[in-house]
Structures are given as C-alpha cells and as structure tokens.
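Student: below is the structure, and that's it, no one-letter string:
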Ligand SMILES: Nc1ncnc2c1ncn2[C@@H]1O[C@H](COP(=O)(O)OP(=O)(O)OP(=O)(O)O)[C@@H](O)[C@H]1O
C-alpha cells in the first residue's frame with residue numbers, strides 16, 4: 001500500500017460534483033462530460049483512462065482551470081472554480097497547477113535553465129531552477145537549447161518547468177504519447193518520483209492501460225461518464241511495467 005492509499009480517507013485537493021460540459025448548442029451539441037463526480041485526493045497518483053473522445057482532456061482542462069464546466073461544481077481545496085472569473089482562474093493555474101502535455105511547448109531560443117526560469121520568475125515560492133533540473137536528472141544539460149535534446153529530455157524539461165513553482169497538482173495529458181517505450185518509461189519515472197518525493201498530486205491521462213499499474217487509483221471514462229474507479233493491489237514502479 002502506498003502512502004496515499006494508507007492515508008485514506010485523505011482530504012481531496014480537487015473535487016468535482018455533477019460536472020457537465022457541453023460543446024456547442026442545439027442539434028450539433030457534444031456532451032463531453034455528463035454528471036461526473038470525483039475527488040482527487042491529496043498526494044495520490046490518479047490515472048485517467050478511456051477511449052478517444054470519452055472526455056479525459058475535457059475533465060483535465062476543467063480540473064486545471066483552463067476551461068469551465070457547463071454545469072456542476074469544481075473545487076480546489078474548498079475554493080469554487082466553476083464560475084470563477086478569468087483573474088481567479090489565472091491565479092489558480094499560476095500558483096497551484098503544473099501542466100505537462102504530449103508536446104513540450106518549450107521556447108526554442110531559450111536554454112533549458114531559461115525555459116524553467118520563465119516560471120520561477122513569476123511564482124510565489126519557487127524552487128531554484130537547478131533543483132528542478134536535478135529532479136529530472138538534467139543538470140548537465142542546463143545550458144543547452146531544446147533542439148539539442150531528445151524528445152524525452154525535452155519532456156523532462158517541461159516537467160521541471162511544471163514543478164518548479166511547487167504546484168499542489170501536476171496534470172499530465174498523454175505525457176508519453178510522443179515518446180518511444182524506453183524514453184516514455186524514463187518520463188514516467190520522473191513523474192512518479194515527483195509524486196512520491198514532493199507529494200505532488202498527479203493526474204495522468206494515457207491511452208496506455210499498462211501505465212495504470214503505477215496508479216493509486218485508475219478512473220475509466222466512457223462517453224463522458226465515470227465507468228469505473230479501481231484501486232490496483234500494489235502500485236508498480238515504471239520499471240515493472242511492460243507494454
Ligand atoms: N472545443 C471543442 N468543441 C467541440 N467539441 C469538442 C471540443 N473539445 C472536445 N470536444 C468533443 O468532446 C468530446 C470529448 O473530448 P476530449 O478531448 O475530452 O476526449 P478525450 O477522451 O481526451 O479524447 P482523446 O483521447 O482523443 O484525446 C469529444 O467528442 C470531442 O470531439
């Protein structure tokens with residue numbers, strides 16, 4: 001049993017209730033989320049699985065304050081976000097959320113260290129840039145440019161940038177989607193280490209069901225609804241996963 005499982009019932013860091021998201025209106029409306037209820041517990045590693053179009057990114061974007069629901073509640077540590085104004089959502093994202101996407105979105109003209117300091121310069125209580133780079137094992141590459149790095153190394157820079165502000169939650173949308181098997185595992189190891197060493201709550205979307213073995217809980221979405229929530233018997237390390 002992992003620390004996050006042992007600590008149950010933990011206080012939710014994020015809570016969504018009766019969440020709905022509809023894109024468009026009238027006949028062409030798409031119901032991306034229909035009545036989703038979910039607590040994300042502090043410190044847990046949550047994996048979101050589901051077929052393409054099942055609503056994973058929509059849910060992650062609402063959890064991260066990148067989008068608002070059509071109906072229902074989203075709370076971060078008790079603070080309501082569903083109807084929050086733009087300034088409140090910007091502050092929420094800036095102070096509390098780290099994002100990692102499939103593509104790394106690094107600034108090509110800045111070095112690795114400079115890409116990370118873009119975030120530490122505006123964060124309230126950031127970790128030193130070199131501490132963030134050490135966490136992703138990229139200290140020797142701090143003065144290199146993104147074009148000089150492999151895809152997996154660039155993704156680790158993106159992770160360093162996401163965690164340097166010490167966010168409560170790390171939201172990852174297909175973080176290994178563009179990477180080969182071995183590189184994907186290295187990136188997962190970094191995310192798992194940040195989750196366990198810093199206690200950062202991690203929510204990871206993946207198409208790869210094998211990654212679910214790393215999770216404290218696995219949430220399956222189907223057609224905009226939660227189809228199941230499973231607790232794996234033992235949380236595996238990325239090295240123990242195979243696919
Ligand atoms: N901006 C948008 N406008 C209209 N429909 C949208 C929009 N964004 C998403 N959708 C629709 O909402 C549904 C859920 O999309 P979402 O991206 O959340 O799914 P997903 O599970 O993340 O899929 P994938 O695994 O392919 O990324 C899909 O039917 C999608 O087409």
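Tutor: Ah, there it is. None of the values given here were measured: they were computed from a predicted structure.

Student: tell me which stretches of this protein form strands.
Tutor: Taking DSSP state E as the test, the strands found in the chain are 12-23, 30-41, 45-50, 71-76, 79-80, 97-100, 169-173, 201-205, 217-222, 225-230.

Student: run a quick neighbour tally on the nearest residue to residue 14 once chain neighbours are set aside.
Tutor: Once flanking residues are discounted, residue 14 sits nearest to residue 40: 4.0 Å by Cβ to Cβ, 6 or more residues apart in numbering. The C-beta positions use only the backbone N, C-alpha and C, and glycine is treated the same way. By other Cβ atoms under 10 Å, the residues close to residue 40 number 22.

Student: again with residue 198
Tutor: 16.

Student: quick one: it from residue 131, how far?
Tutor: Separation of residue 198 from residue 131 (Cβ to Cβ, to the nearest Å): 11 Å.

Student: okay, and the beta partners of the residue most central in space within the chain?
Tutor: With distances taken as Cα atoms, centre = their mean, residue 171 lies nearest the centre of the chain, 1.3 Å away. Beta-bridge partners recorded for residue 171 (DSSP bridges): residue 99, residue 203.

Student: wait, it touches residue 97, no?
Tutor: Yes - Residue 171 is within contact range of residue 97, at 6.2 Å (criterion: Cβ atoms under 8 Å).

Student: between these two, which contacts overlap?
Tutor: residue 64 (Cβ atoms under 8 Å, 6 or more residues apart in numbering).

Student: just to revisit the earlier point, JSON lines for the strands of the chain, including distance to residue 145 and mean pLDDT?
Tutor: Below are the strands of the chain laid out as JSON lines (distance: least, Cβ to Cβ, whole Å; pLDDT from 0 to 100):
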{"stretch": "strand 12-23", "distance to residue 145": "35", "mean pLDDT": "97"}
{"stretch": "strand 30-41", "distance to residue 145": "35", "mean pLDDT": "97"}
{"stretch": "strand 45-50", "distance to residue 145": "32", "mean pLDDT": "95"}
{"stretch": "strand 71-76", "distance to residue 145": "35", "mean pLDDT": "97"}
{"stretch": "strand 79-80", "distance to residue 145": "39", "mean pLDDT": "94"}
{"stretch": "strand 97-100", "distance to residue 145": "20", "mean pLDDT": "95"}
{"stretch": "strand 169-173", "distance to residue 145": "24", "mean pLDDT": "96"}
{"stretch": "strand 201-205", "distance to residue 145": "28", "mean pLDDT": "96"}
{"stretch": "strand 217-222", "distance to residue 145": "37", "mean pLDDT": "96"}
{"stretch": "strand 225-230", "distance to residue 145": "42", "mean pLDDT": "97"}
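
Student: first vs last residue of stretch 70-87, how far apart are they?
Tutor: Length of stretch 70-87, first residue to last, Cα to Cα, to the nearest Å: 19 Å.

Student: next one: stretch 76-93
Tutor: End-to-end distance for stretch 76-93, by Cα to Cα: 11 Å.

Student: would you mark the buried spots in it?
Tutor: Buried residues in stretch 76-93, counted by 16 or more other Cβ atoms under 10 Å: 76, 81-82, 84, 89, 92-93.

Student: residues of this structure that sit close to the ligand?
Tutor: Where proximity means Cβ under 6 Å from any ligand atom, the interface of the chain facing the ligand comprises 23-24, 30, 32, 50, 52-58.

Student: pick out whichever of the residues you listed sits closest to residue 71.
Tutor: When the residues of the chain next to the ligand are ranked by distance to residue 71 (Cβ to Cβ), residue 32 comes first, at 12.2 Å.

Student: fine by me, we can end here.
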